[in-house]
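Enquirer: Here is my input; please provide its structure:
(one chain, ligands or ions: 1)
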Amino acid sequence: MNDNEWPKKENKYRALWEHARGIAAVSSTPSDLQLGRSNHCNFKCVYCIDHRIGNNEPRSRLSPPVWEDLQKLIPATEILAFHGISEFFLDPEFFDILRRCAETRATLRLNTNGSVCTPRHLEALANYPGHIMIDFSLDAATPDTFSRIRGWNFWRVLRNIRSYMECFAGRRDRTWVALSFVITKSSVGDMVPTVYLAKALGVNVLMFYRLHEYEGLDWTVAAKHGGDFTYRDEIVGEFRERYNTEIERTRKAAELMGLKIEIPAMLAETGTETAEAETEETVQ
Ligand code: SF4
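Expert: Below you'll find the model as predicted:
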């Protein structure tokens, strides 16, 4: 263990000790921390919760004093995730934050829409001394579906992901890469082709999710390609037979390609009851 790792271990064991004794006022800090520094994003995906009805939240960032306080947690944190309804790769302090995390060799967990890929981003990630877990949200295998769901340039995002994969080539033992795919009525036909795409890109895993079905997720927005997107019409219960067929086909394609996938369960064929949303994996 090097000097940078000791504060993380000490903090973790202190947390376990405090938990075991039921101590309410703890002196440990989280060893796995997720930070959303802003709600700024350059995309406007049709299913993004930012579209929720009545949402008038202005664009904002964490205030400097709050961020100053949060940064003090970095040395004792093992895993630092930068997620949220935002695009972290556009954060004005992206490189400074990576430098601070690198000093403590924290594991970085990153989610990105794949739109940002400068030589400086590639270099910063290629040279990051700790582990990186990165998830590219893709949701499509074709430009039309991508444009309808994510409203951006599919080919550019694919080129960017390929560039990141090339930059990770020398550090694959310390880099875990996922593609993610939210299943909607608009995108269900892209599931199988995305298996082949993921295999060609060489990612570790392809993760499928159902569109969330919480109450209140109910809006209609104009999609860039193909008219309106009505949220409630796009949930998998609205096309259960097609959904089940594509789940089965996707599993078969992944097995054939030797690709690890995480995929939700099929839905019950009749009635309104759904099968448990268990996660299944196909391992290489
Ligand atoms: S990339 Fe993520 S945060 Fe940005 S609009 Fe799409 S779903 Fe929302």
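Enquirer: Now do the helices in the stretch 1-150 of the chain.
Expert: 6-20, 64-71, 94-104, 119-126, 143-150 (DSSP state H, counting those that start in this stretch).
Enquirer: Please identify the most buried of those.
Expert: Neighbour counts averaged per stretch over the helices of the stretch 1-150 of the chain are highest for helix 143-150, at a mean of 21; criterion: mean count of other Cβ atoms under 10 Å. Placement of C-beta: from N, CA and C, glycine included.
Enquirer: List the contacts of it.
Expert: For helix 143-150, the surrounding residues in contact (Cβ atoms under 8 Å, 6 or more residues apart in numbering) are 43, 45-47, 113, 137-140, 152-155, 157, 182, 184, 186-187, 189-190, 223-226, 229.
Enquirer: again, 7 Å this time
Expert: With contact meaning Cβ atoms under 7 Å, 6 or more residues apart in numbering, helix 143-150 is reached by 43, 45-47, 113, 139-140, 154-155, 184, 186-187, 190, 223-226.
Enquirer: Render the CA-only coordinates of that helix in CSV, please.
Expert: The C-alpha trace of helix 143-150 is given here as CSV (Å, rounded to 0.1, in the frame of the first residue of the first chain):
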residue,chain,number,x,y,z
PRO,A,143,-28.1,7.2,-36.9
ASP,A,144,-31.9,7.5,-37.1
THR,A,145,-32.6,6.0,-33.8
PHE,A,146,-29.8,7.8,-32.2
SER,A,147,-31.0,11.1,-33.6
ARG,A,148,-34.6,10.4,-32.4
ILE,A,149,-33.5,9.5,-28.9
ARG,A,150,-30.4,11.5,-28.3
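Enquirer: That helix - what's its average pLDDT?
Expert: Helix 143-150 carries an average pLDDT of 97.
Enquirer: Kindly report the same for stretch 45-61.
Expert: 92.
Enquirer: Can you give me every residue that contacts the residue in the stretch 51-200 of the chain that the ligand sits nearest to?
Expert: Evaluated by Cβ to the nearest ligand atom, the stretch 51-200 of the chain has Asn113 as its residue closest to the ligand, separated by 3.9 Å. With contact set as Cβ under 7 Å, 6+ apart, Asn113 has these partners: Phe43, Glu87, Ser137, Arg150.
Enquirer: what's next to stretch 241-255, contact-wise?
Expert: Under the contact criterion Cβ under 7 Å, 6+ apart, stretch 241-255 has outside partners Ile183, Val188, Met191, Val192, Val195, Val236, Ile261, Ile263, Met266, Leu267, Thr282.
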